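S.K.: Sequence first, predicted coordinates after that:
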Amino acid sequence: MSATDSSSYDHIPYRSLALPQTHPDRLATIARVFRLTPPDVAACRVLELGCASGGNLVPMAFNLPGSEFVGIDTSRLQVEDARATIAALGLRNLRVEQASILDIDASWGQFDYIIAHGVFSWVDTAVQDRILAVAAANLSPSGVAYVSYNTYPGWHMREMVRHMMRFHARQFAEPQEQIDQARALLTFLASASQDSGPYGQFVAAEAERAARAPDSYVFHEHLEATNQPLYFHQFMDRAERAGLQYLSEAALTEMLTSHFPPAVATTLERISPDLLHLEQYMDFVRNRQFRQTLLCHEARQPVRSLTPEVMLGLMISSAVAIEGAPLDLSSGGGATFVKGTQRATVKKPASKAAFALLMEAWPRALDVNTLCELALERAAPFLDGAAADDVRQGMLEDLFGAMMYGLAELHTQPPPCINRVSERPRAHPIAAFQAESSSLVTDAHHQVQDLDPLSLEVVKLLDGTRTRGELREVLMQWFESGRLQLDNSTTAGQGADAVRTVLEDRLNRALENLARRALLVE
Ligand SMILES: C[S@@+](CC[C@H](N)C(=O)[O-])C[C@H]1O[C@@H](n2cnc3c(N)ncnc32)[C@H](O)[C@@H]1O
């Protein structure tokens, strides 16, 4: 079989995982930010095109039992996998069909959220057009569609590498051999061209990327016959012809010109007669390779001037940590909050209090109105008589900025998790199920968490029946039977009590870590 075989996903299945950027709650909150009224996420219909083995749909369906989910994929093997998971979890609100996107017609009904992740660029033009036709004809009037695709100009450079990998791989019959050989070619080219300036640097970066990527990615991204990137404006021309309009990107922060130096941002805005031009020019500056675009019906009227008030009535969560000294509400100095590469320095006492409350609540979400009231109360002694409305407005602006820069997330539904370790801890049932076969589990924010070996074993034990003491004794039995090993330096020559103390400490740390990673439920 070769990478050009139409059933290639039966031979090298895709690693099917949760994709937080496609979650209906994310799509709904973005629609709300643009002052649309999207369908209620707790009682909606969701269609995923090319859902592989359901890694994205299964946790969504479990966490939103009042909504109905349909997935389709042409690969028999992946559909069978999805169905086995659905049966094992007893999910009644998710159905996965072996069908082609070309088969979808009006008889499938209307969906409030339509998702096509990692499909559009990897199918031929007829199927691409059908994706857009389905995203229009089968989308309910207030619905939101998500389509991701490879883009130019970034893919012009990556295509060069893909062509070379395909040229080399076609000498080999077996998919695994093709993947190994394609990687080997890149490694060779990277070392052979290391003195050739930008070309050598680019090939080295691609070789590194291919070395880190799973086999299924290398096979389907680089060795498949079809991978058709396109410019954003070409995508939007086709989407508009289908009756759809641009809503936004799935990550709002990518739409901000403020990430660029001021002179660049000013020029981008000056040369762009409208939003679509601005988005296209930003791709030129960034050499963009990939987009995750949200679309809605052309009749909708998104309000583009975003204001912090859109957050009222929504929930907010944030995984920020404070940098440096502990938070001091009384000082006029700034406090810096960080999440990944993003950071925000906040000066207003009420805003600092709001971030502190979000940190305490994480991974739970708080209602934005409630958060503002609680923060006002906490910051009250430090407000120097400022009017409550002004303070509230300033705080909302800071929270809105944090959301736009990816430091905080909005929600229409609370993520199903708790933020502490309960008396008899219980892992999220989806994570506990996934932990039986993989270290990659889905958290309550629909994100993938890669668990260390001990946390993985602990998750499997957390069915809500055992106290911490009982959990520690299970670990102790595993240690004594050799199932659980501790590094020698901590336990060598130690008696049972010392081992028990070490295990208790590790267990406590694992439990705290699972709580912080949104993996524990009531
Ligand atoms: C690159 S994978 C992406 C899988 C998944 N959406 C994800 O991002 O993890 C593309 C998927 O689309 C499916 N596919 C390709 N052509 C299709 C078609 N015409 N109709 C339905 N599914 C299709 C493939 O079988 C494969 O599972």
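M.R.: Structure received.

S.K.: Show me which residues of the protein sit near the ligand.
M.R.: Counting by CB under 6 Å from any ligand atom, the chain comes close to the ligand at 9, 14, 16, 49-52, 72-75, 78, 100-102, 117-119, 122-123, 127, 220. (C-beta placed from N, C-alpha, C; glycine too.)

S.K.: Name the residue of the stretch 101-250 of the chain that lies nearest to the ligand.
M.R.: Nearest residue of the stretch 101-250 of the chain to the ligand (CB to the nearest ligand atom) works out as residue 118 at 3.2 Å.

S.K.: actually the chain, not the one I typed
M.R.: residue 50 (2.8 Å).

S.K.: neighbours around the nearest residue to that residue once chain neighbours are set aside, how many?
M.R.: Leaving aside its sequence neighbours, residue 50 sits nearest to residue 119 (CB to CB, 6 or more residues apart in numbering; 3.7 Å). Burial of residue 119 is recorded as 21 neighbouring residues (other CB atoms under 10 Å).

S.K.: Backbone dihedrals for the closest residue to residue 423 other than its chain neighbours, please?
M.R.: In this structure, residue 423 finds its nearest non-sequential neighbour in residue 467, 6.5 Å apart by CB to CB, 6+ apart. As for residue 467, its main-chain torsions (degrees, to the nearest 10) stand at phi -80, psi 170.

S.K.: Over to residue 189?
M.R.: Note on residue 189: its backbone torsions stand at phi -60, psi -40 [degrees, to the nearest 10].

S.K.: neighbours around it, how many?
M.R.: Neighbours around residue 189, by other CB under 10 Å: 21.

S.K.: how about it, what does it touch?
M.R.: Applying CB atoms under 8 Å, 6 or more residues apart in numbering, we find residue 189 in contact with 164, 203, 207.

S.K.: same thing with residue 342?
M.R.: Residue 342 neighbours (CB under 8 Å, 6+ apart): 253, 405-407.

S.K.: C-terminal to the worst-scoring helix or strand of the chain on mean pLDDT, what's the next element?
M.R.: Within the chain, no helix or strand scores below helix 488-491, which has a mean of 66 by mean pLDDT, DSSP states H and E. Proceeding N to C from helix 488-491, the next assigned helix or strand is helix 496-516, under DSSP states H and E.

S.K.: residues of that following helix that come out buried?
M.R.: By 16 or more other CB atoms under 10 Å, the buried positions in helix 496-516 come out as 499-500, 502-504, 506-507, 510-511, 513-515.

S.K.: same thing with stretch 289-302?
M.R.: Neighbour-count burial for stretch 289-302 [16+ other CB under 10 Å]: 289, 291-297, 300, 302.

S.K.: With respect to residue 32, which of those residues is nearest?
M.R.: Nearest to residue 32 among the buried residues of stretch 289-302: residue 302, at 10.4 Å, using CB to CB.

S.K.: ok, the closest residue to the closest one other than its chain neighbours - contacts?
M.R.: Nearest non-adjacent residue to residue 302, counting by CB to CB, 6+ apart: residue 34, 3.6 Å away. For residue 34, the contacting residues are 247-248, 302-304, 306, 310, by CB under 8 Å, 6+ apart.

S.K.: Selecting buried members of the residues you listed in PyMOL, what would you type?
M.R.: This is the PyMOL syntax for the buried subset of the contacts of residue 34, where burial follows 16+ other CB under 10 Å:
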select buried, resi 247+248+302+306+310
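
S.K.: Just the closest of the contacts of residue 34 to residue 336, please.
M.R.: Nearest to residue 336 among the contacts of residue 34, with distances taken as CB to CB, is residue 306, at 24.2 Å.

S.K.: Do I have it right that that closest one meets residue 33?
M.R.: Yes - under the criterion of CB atoms under 8 Å, residue 306 makes contact with residue 33 at 6.2 Å.

S.K.: So residue 514 versus residue 445, what's the distance?
M.R.: Using CB to CB, to the nearest Å, residue 514 is found at 14 Å from residue 445.

S.K.: for residue 322, helix, strand, or coil?
M.R.: For residue 322, the secondary structure call by DSSP: H, G, I helix; E, B strand; the rest coil comes out as strand.

S.K.: so who does it touch?
M.R.: With CB under 8 Å, 6+ apart, residue 322 has these contacts: 335-338, 355-356, 359.

S.K.: picking up where we left off before, which pLDDT value belongs to the residue nearest to residue 302?
M.R.: Turning to residue 34, the model gives it a pLDDT of 98.

S.K.: again with residue 173
M.R.: So residue 173 comes in at 92 (pLDDT).

S.K.: who touches stretch 350-362?
M.R.: 316-322, 327, 329, 335, 337, 346, 366, 371-372, 374-376, 378-379, 383, 391-392, 394-395, 398-399, 402, 408, 419, 516.

S.K.: meant to ask about stretch 162-175
M.R.: For stretch 162-175, using CB under 8 Å, 6+ apart, the contacting residues are 1-3, 8, 11-12, 178-179, 181-182, 185-186, 189, 210, 218-219, 221-223, 227.

S.K.: residues near residue 323, how many?
M.R.: 11.

S.K.: Make sure it is actually in contact with residue 344.
M.R.: No - between residue 323 and residue 344 there is no contact under CB under 8 Å: 10.1 Å.

S.K.: Could you name every residue contacting both of those two?
M.R.: Residues touching both residue 323 and residue 344 (CB under 8 Å, 6+ apart) are 336-337.

S.K.: And stretch 124-139, what's buried?
M.R.: 127-136, 138-139.

S.K.: Stretch 383-392 now?
M.R.: Neighbour-count burial for stretch 383-392 [16+ other CB under 10 Å]: 383, 391-392.

S.K.: Over to stretch 461-474?
M.R.: Result for stretch 461-474 [16+ other CB under 10 Å]: buried residues 461-462, 466, 468, 471-472, 474.

S.K.: swap in stretch 435-452?
M.R.: 435, 440-449, 451.

S.K.: Span of that stretch from start to end?
M.R.: 11 Å (CA to CA, to the nearest Å).

S.K.: So which residues lie in contact with it, not counting its own?
M.R.: 17-20, 23, 25, 59-60, 63, 317, 363, 409, 415-417, 427-428, 430-431, 434, 453, 456, 459-460, 517-519, 521.

S.K.: What's the local residue count around residue 331?
M.R.: 13.

S.K.: what's it in contact with, if anything?
M.R.: No contacts exist for residue 331 under CB under 8 Å, 6+ apart.

S.K.: again, only using 10 Å
M.R.: For residue 331, the contact set (CB atoms under 10 Å, 6 or more residues apart in numbering) comprises 325, 347, 349, 352, 382.

S.K.: for the chain, longest strand please?
M.R.: strand 139-150 (DSSP state E).

S.K.: Tell me the secondary structure of the closest residue to residue 17 other than its chain neighbours, please.
M.R.: Leaving aside its sequence neighbours, residue 17 sits nearest to residue 55 (CB to CB, 6+ apart; 4.6 Å). Assigned by three-state DSSP, the conformation of residue 55 is coil.

S.K.: I'd say residue 55 and residue 73 touch.
M.R.: No - assessed by CB atoms under 10 Å, residue 55 is found out of contact with residue 73, at 11.4 Å.

S.K.: So between these two, which is more surrounded?
M.R.: residue 73 (27 against 23).
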